[in-house]
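A.B. asks: got a sequence here, can you build the structure:
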Amino acid sequence: MRLLLLGGTTEARELADALAEGAVGPVEVTLSLAGRTRTPASGSARLRVGGFGGPAGLGGYLRDERIDLLIDATHPFATRISANADAAARAAGVPLLRLVRPAWTAQPGDRWTAVPDMAAAAYAVTAHAKRVFLTVGINELDAFVECPDVFFLVRLIEQPARPLGLPRHRLVLARGPFDTNNEADLMRDHGIDTLVTKNSGGAATRAKLDAARRLGLPVIMVDRPPEPDTPRAATPEAALAWIMDKRRDNP
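C.D. replies: Numbering: from 1, shown residues only. Here you go, the predicted structure:
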């Protein structure tokens with residue numbers, strides 16, 4: 001069985017490791033990364049880095065490489081690749097599973113304001129915030145360049161290739177998982193009054209939400225975009241069960 005795993009998330013690495021350890025029997029796994037991070041976290045699967053050239057290119061890859069199963073375990077906000085995966089899988093006749101972690105939900109004591117996109121988040125920042133902890137990824141920062149009276153504490157995984165366009169900011173580099181106490185200290189030390197984040201879900205970066213609750217800070221939460229209507233699994237274990245079902249259907 002040959003499986004293409006579109007990854008970049010913790011769940012993708014966990015699934016690749018489980019498959020490499022023989023969790024469902026012999027499976028040849030290729031883990032495909034977009035290549036946006038220069039130093040991706042290592043794993044045990046064979047790596048492929050770079051795009052496919054849209055749905056037609058991905059469909060051609062599925063056919064040329066005789067891929068039996070496709071699992072899309074990309075980030076919940078990676079809408080383009082998820083749409084491409086759905087179209088390519090349909091065209092190539094390859095079963096597709098979307099492995100996506102559950103979204104965060106507000107807990108008692110949280111002060112969340114849900115917004116539909118980055119433009120709405122920037123509007124909310126301009127209207128209500130002065131010192132913002134901005135954790136939305138480098139591709140989303142341009143939405144906040146027209147917030148001249150706001151200081152941004154920006155966290156990224158690695159040094160950006162070009163200067164950030166934000167008028168007032170400080171950059172910190174770190175990769176999760178993060179600790180609630182450290183997150184609270186970071187916000188307190190920089191006088192943060194608002195947290196802005198995407199509803200990525202998962203445990204690796206949830207500590208910032210717990211810290212914001214502890215400090216009584218408001219959170220501007222960017223909702224997830226809509227996705228194609230494909231079969232889903234919320235955990236690597238559920239994805240393994242889906243693979244086993246497909247193996248039984250096509251021994």
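A.B. asks: every contact and neighbour count from this point should use C-alpha atoms.
C.D. replies: Will do.
A.B. asks: which of the three states applies to the residue nearest to the spatial centre of the chain?
C.D. replies: Nearest to the mean C-alpha position of the chain, counting by CA atoms, centre = their mean, stands H75 at 2.8 Å. Under DSSP: H, G, I helix; E, B strand; the rest coil, the three-state class of H75 is coil.
A.B. asks: which residues does the residue nearest to it when sequence neighbours are not counted contact?
C.D. replies: Of all residues not flanking H75 in the chain, T9 sits nearest, at 6.2 Å (CA to CA, 6 or more residues apart in numbering). For T9, the contacting residues are A73, T74, H75, by CA atoms under 8 Å, 6 or more residues apart in numbering.
A.B. asks: likewise I67?
C.D. replies: M1, R2, L3, L4, V94.
A.B. asks: can you give the domain ranges for the protein?
C.D. replies: When the chain is parsed into structural domains using automatic domain parsing, the resulting residue ranges are 2-101+226-249, 112-222.
A.B. asks: quick one: end-to-end distance for the last one.
C.D. replies: Spelled out, it's domain 112-222. 10 Å (CA to CA, to the nearest Å).
A.B. asks: and for stretch 173-191?
C.D. replies: 18 Å.
A.B. asks: now do the buried residues in that stretch.
C.D. replies: Across stretch 173-191, burial judged by 16 or more other CA atoms under 10 Å covers T180, E183, A184, L186, M187.
A.B. asks: dump those residues to TSV, plus pLDDT and distance to I67.
C.D. replies: Listed next are the buried residues of stretch 173-191 as TSV, based on pLDDT from 0 to 100; distance: CA to CA, whole Å:
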residue	pLDDT	distance to I67
T180	97	41
E183	97	42
A184	98	46
L186	97	45
M187	98	46
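A.B. asks: take these and keep only those in helices.
C.D. replies: T180, E183, A184, L186, M187 (DSSP state H).
A.B. asks: can you redo those residues as CSV with distance to P102?
C.D. replies: Formatted as CSV, these follow (distance: CA to CA, whole Å):
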residue, distance to P102
T180, 20
E183, 22
A184, 24
L186, 26
M187, 26
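A.B. asks: picking that back up, mean pLDDT for the domains of the chain: which is lowest?
C.D. replies: Note on those: domain 2-101+226-249 shows the lowest mean pLDDT, a mean of 89.
A.B. asks: are we agreed that I71 is in a strand?
C.D. replies: Yes. Assessed with three-state DSSP, I71 lies in a strand.
A.B. asks: returning to what we had before: look up how far V115 lies from the residue nearest to H75.
C.D. replies: Counting by CA to CA, the separation of T9 from V115 is 23 Å.
A.B. asks: secondary structure class for S200?
C.D. replies: Strictly by three-state DSSP, S200 counts as coil.
A.B. asks: T105 is in contact with that one, correct?
C.D. replies: No. Using CA atoms under 8 Å, S200 makes no contact with T105, being 10.8 Å away.
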